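Novice: Sharing a model prediction with you, sequence too.
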Amino acid sequence: MQVPILKQGSYLIASVQAALTDADLLDLRDRLAVQVGVYRSRGVVVDVTVLDVMDSFATRMLRSIAQILRLRGAETVIVGMQPDVAFAMVQLGLRLEGVSTALDLEEGLELLRRREKGGSNHGR
Amino acid sequence: MAADVRVPIESDADIVTARQQGRALAATVGFGNSELTLIATAISEVARNIVEHAGRGEVILSPTEANNSQGIVVVARDQGPGIPNIEQALRDGYSTRGSLGLGLPGARRLMDEFEIASKVGKGTTVTMKKWIHRNLTEFPLRPRR
Ligand SMILES: Nc1ncnc2c1ncn2[C@@H]1O[C@H](COP(=O)(O)OP(=O)(O)OP(=O)(O)O)[C@@H](O)[C@H]1O
Ligand SMILES: [Mg+2]
């Protein structure tokens, strides 16, 4: 199922609604890469609250989304990772290196705002 | 006991089906939520290996029981190219695809038992099991004297 991408001010919100196939993830990546340009977005929040599995492919895709969007001038924040999912990811050996995370949508947007105000976009 | 479930694996959508069916079956067996996530994640990895490395195959899910413990067996099998060196394939970071190489070693960490049988040119069968926390109900706390 295609992930809807909503525009909110200078940010985009991609809110995952159901389990994602690999093709859905690739599609999300490609559409975000285009839409940050179309809407001149400075930040993107990807909400994964409903995801009950984050396997190696999904993790790799989120990392590549964050890297691609950074090259397009936008920051990415992943929000809503469930505790069980985080636990399984750690056991599997997966890391979301270089990708910002926040507890929920509100926190994610707040993080983006703070970064933009702070001028320098990220401390990594 | 619930019946076995067979999921044919040919495309990325089947990976999602396999892990959802696995989660559903494991739930009827009695696993708790965080274990359901571990099981579903492990199924996702072995099913994806079928799609990526073998093209097609199947995942068979069955409830099991041993020594008064309930569990689930996941068999992922294909008739693809096989794995020449299983020990190497089970190493963290080993991938013939330039990927993370975490699928097999990771799935092994997520489950309680893990076995690979593979023959080059014939195919691969991964068998994994997970048991519901043993002993919790078998040894009720009794006052000692
Ligand atoms: N079903 C299979 N048939 C043939 N070869 C396989 C199969 N499963 C795994 N392999 C081989 O074992 C290697 C390690 O598998 P593993 O799942 O750990 O890593 P990967 O699939 O390469 O990467 P990742 O799963 O992290 O994206 C693979 O690169 C592949 O060479
Ligand atoms: Mg793999």
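Specialist: Structure's in. What do you need? Ligands and ions are numbered 1, 2, ... in the order given.
Novice: Identify the bridge partners of the closest residue to A:Glu110 other than its chain neighbours.
Specialist: The shortest distance from A:Glu110 to any non-neighbouring residue, by C-beta to C-beta, 6 or more residues apart in numbering or on different chains, is to A:Ala102 (7.6 Å). Every residue, glycine included, has its C-beta placed from N, CA and C. For A:Ala102, the beta-bridge partners are A:Val79 (DSSP bridges).
Novice: Can you give me the neighbour number for the closest residue to A:Leu103 other than its chain neighbours?
Specialist: Nearest residue to A:Leu103 in three dimensions, chain neighbours excluded: A:Val79, at 6.7 Å (C-beta to C-beta, 6+ apart). Other residues near A:Val79 come to 22 when the count uses other C-beta atoms under 10 Å in any protein chain shown.
Novice: how much space between A:Val79 and chain B?
Specialist: Taking C-beta to the nearest C-beta, to the nearest Å as the measure, A:Val79 and chain B are separated by 18 Å.
Novice: Wait, that residue touches A:Glu110, no?
Specialist: No: A:Val79 is beyond contact range of A:Glu110, at 10.4 Å (criterion: C-beta atoms under 8 Å).
Novice: Need the residues touching each of these two.
Specialist: A:Ala102 (C-beta atoms under 8 Å, 6 or more residues apart in numbering or on different chains).
Novice: Could you check the pLDDT of the closest residue to ligand 2 within chain A?
Specialist: Going by C-beta to the ion, ligand 2 is nearest to A:Ser56 of chain A, at 6.3 Å. We have a pLDDT of 93 for A:Ser56.
Novice: Now do the same contact list for it.
Specialist: A:Ser56 neighbours (C-beta under 8 Å, 6+ apart): A:Leu92, A:Leu94, B:Glu45, B:Arg48, B:Ser99, B:Leu100, B:Leu102, B:Gly103, B:Gly106.
Novice: Tell me, how many residues neighbour the third one?
Specialist: Translated: B:Glu45. Neighbour tally, B:Glu45, other C-beta under 10 Å: 26.
Novice: any idea how far A:Ile65 is from it?
Specialist: Remark: distance between B:Glu45 and A:Ile65 (C-beta to C-beta, to the nearest Å) = 20 Å.
Novice: What of the last one?
Specialist: According to C-beta to C-beta, B:Gly106 stands 21 Å off from A:Ile65.
Novice: in chain A, which ranges drop under the pLDDT threshold?
Specialist: A:119-124 (pLDDT under 70).
Novice: Helices of that one, residue ranges please.
Specialist: A:22-38, A:56-71, A:83-92, A:105-117 (DSSP state H).
Novice: mind listing what's buried in the second one?
Specialist: Applying a neighbour-count criterion of 16 or more other C-beta atoms under 10 Å in any protein chain shown, one finds A:56-63, A:65-66, A:68-70 buried in helix A:56-71.
Novice: what does the shortest one give?
Specialist: If you call a residue buried by 16+ other C-beta under 10 Å, then helix A:83-92 has these buried ones: A:Asp84, A:Val85, A:Ala88, A:Met89, A:Gln91, A:Leu92.
Novice: could you point out which element follows the helix or strand hosting B:Val59?
Specialist: Using DSSP states H and E, B:Val59 falls within strand B:57-66. Next along the chain after strand B:57-66, taking DSSP H and E as the criterion, comes strand B:69-78.
Novice: could you give the angle of that next one to strand B:57-66?
Specialist: What separates the directions of strand B:69-78 and strand B:57-66 is an angle of 160 degrees, with axes from the mean of the first three to the mean of the last three C-alpha atoms, to 10 degrees.
Novice: near ligand 2 at all, strand B:69-78?
Specialist: No: using C-beta under 5 Å from the ion, strand B:69-78 stays clear of ligand 2, with a minimum separation of 10.9 Å.
Novice: Check whether that strand comes near chain A.
Specialist: No: Strand B:69-78 stays clear of chain A (C-beta under 8 Å from any C-beta of the partner chain), getting no nearer than 13.6 Å.
Novice: averaged over its residues, what pLDDT does that strand have?
Specialist: Strand B:69-78 comes out at a mean pLDDT of 97.
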